[in-house]
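Novice: generate a structure from the sequence data that follows.
(one chain, ligands or ions: 1)
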Amino acid sequence: MQAQAHDARAALEFASDVRRDLSKTPQRELHSKYLYDAIGSALFEVITLLPEYGLTRADERVIRDNADEITARLPVAPIVAELGSGSGRKTRWLLEALSQRGYVLYYPIDVSSAALHACRNELGTLDSVHIVEMQGAYIEGLSEVALRRSGEPMLLLFLGSTIGNFERGPAELFLREIHALLRPGDALLLGTDLVKPLPQILPAYDDPTGVTAAFNLNLLARINRELAADFNVRQFRHVASYNRAEQRVEMHLRSEVKQTVRIPGADFEFTLEAGETIWTESSHKFVLEELPALAHRTGFTSVGQWVDREWPFTENLWLVESP
Ligand code: AVJ
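Specialist: Okay, here's the model as predicted:
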């Protein structure tokens with residue numbers, strides 16, 4: 001698709017999603033995917049460096065320490081595709097291990113062109129690895145990769161516990177959709193953050209220096225920038241809490257005062273009560289045993305789990321078996 005047509009369509013979709021989700025009762029929402037404009041993506045990169053946010057380092061450690069064992073279970077010379085590649089830092093270890101055994105074709109799939117550029121910078125010099133960037137949404141990008149390939153087996157990467165941002169039902173639907181686009185012999189490597197004590201998990205989403213608060217508040221600033229809205233961002237507070245029943249961290253933005261917000265770019269106006277929140281993200285956490293069960297319910301077979309020693313996080317290797 002033409003970049004400009006893509007931008008125009010994305011802008012319309014942003015406006016209509018904002019309008020729909022801010023109208024929800026009793027809980028107004030905004031979709032977490034909109035946290036990642038250029039500023040939000042840069043703030044997320046900072047989050048991954050925070051001492052309190054162990055998740056990304058754990059993800060990379062488990063992959064780095066077990067890359068040989070993980071890739072030994074896969075066929076040679078595969079296509080590697082990655083949903084939401086970001087900078088591609090963690091993927092290096094897998095590509096290095098795989099390229100020892102043969103040529104690798106790597107498709108990073110990301111909506112952000114900045115992420116794809118970073119990815120090429122990070123991984124472009126690896127020997128025996130050829131990178132083909134795919135700008136687009138997950139399913140759209142994966143469908144395109146599926147169309148382009150011939151006989152090679154595929155390793156699909158979905159790292160960073162991004163699956164945790166889906167509600168449980170939609171997560172299963174999404175995994176089934178992925179399964180339908182894969183073939184027998186293909187594999188999915190799924191990174192998931194695990195349930196851990198509250199004193200460890202809460203500061204990860206509410207760091208004392210306020211980087212996560214800025215990441216969250218930037219969503220309102222983005223709506224001001226892109227949809228000409230008049231959110232009084234200074235009158236909101238970042239709130240992170242653990243929802244035990246749902247086994248997830250929730251991020252909200254709480255309005256400290258009653259305020260009426262106009263969003264001309266979405267043709268929408270609404271009033272927030274003092275103390276009312278907008279729910280911006282859920283990060284579901286898992287227990288080890290539920291992952292092979294999830295694999296089974298979505299058509300996969302779990303063949304391996306690797307866990308970090310410092311920060312409870314697991315890499316799950318799932319196979320597509322012939323029916
Ligand atoms: C990138 C989706 C895995 O849910 O932990 C970090 C995003 N939100 N701090 C997560 C995030 C708040 C992150 N993921």
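
Novice: for the stretch 1-150 of the chain, what lies in contact range of the ligand?
Specialist: 47, 55 (CB under 6 Å from any ligand atom). Every C-beta, even on glycine, is put in place using the N, C-alpha and C of the backbone.

Novice: residue of the stretch 1-150 of the chain nearest the ligand, please.
Specialist: When distances are taken as CB to the nearest ligand atom, the stretch 1-150 of the chain approaches the ligand most closely through residue 47, which lies 5.0 Å from it.

Novice: spit out the contact partners of the closest residue to residue 323 other than its chain neighbours.
Specialist: The spatially closest residue to residue 323, leaving aside those adjacent along the chain, is residue 184, at 7.5 Å (CB to CB, 6 or more residues apart in numbering). Going by CB atoms under 8 Å, 6 or more residues apart in numbering, residue 184 touches 320, 321, 322, 323.

Novice: gap between the two ends of stretch 34-42?
Specialist: Using CA to CA, to the nearest Å, the end-to-end distance of stretch 34-42 comes out at 13 Å.

Novice: pull out the buried positions in it.
Specialist: 34, 35, 36, 37, 39, 40, 41 (16 or more other CB atoms under 10 Å).

Novice: report how many residues lie close to the nearest residue to the fourth one once chain neighbours are set aside.
Specialist: The shortest distance from residue 37 to any residue that is not its chain neighbour, by CB to CB, 6+ apart, is 5.1 Å, and that residue is residue 222. Other residues lying near residue 222 total 22 when counted by other CB atoms under 10 Å.

Novice: is residue 222 in contact with residue 34, as I believe?
Specialist: Yes - using CB atoms under 8 Å, residue 222 is in contact with residue 34, at 6.9 Å.

Novice: any stretches of the stretch 1-150 of the chain with poor pLDDT?
Specialist: Residues of the stretch 1-150 of the chain meeting the criterion pLDDT under 70: 1-4.

Novice: residue ranges of the strands in it, please?
Specialist: Assigned by DSSP state E, counting those that start in this stretch, the strands in the stretch 1-150 of the chain fall at 28-29, 79-83, 104-110, 129-131, 134-135.
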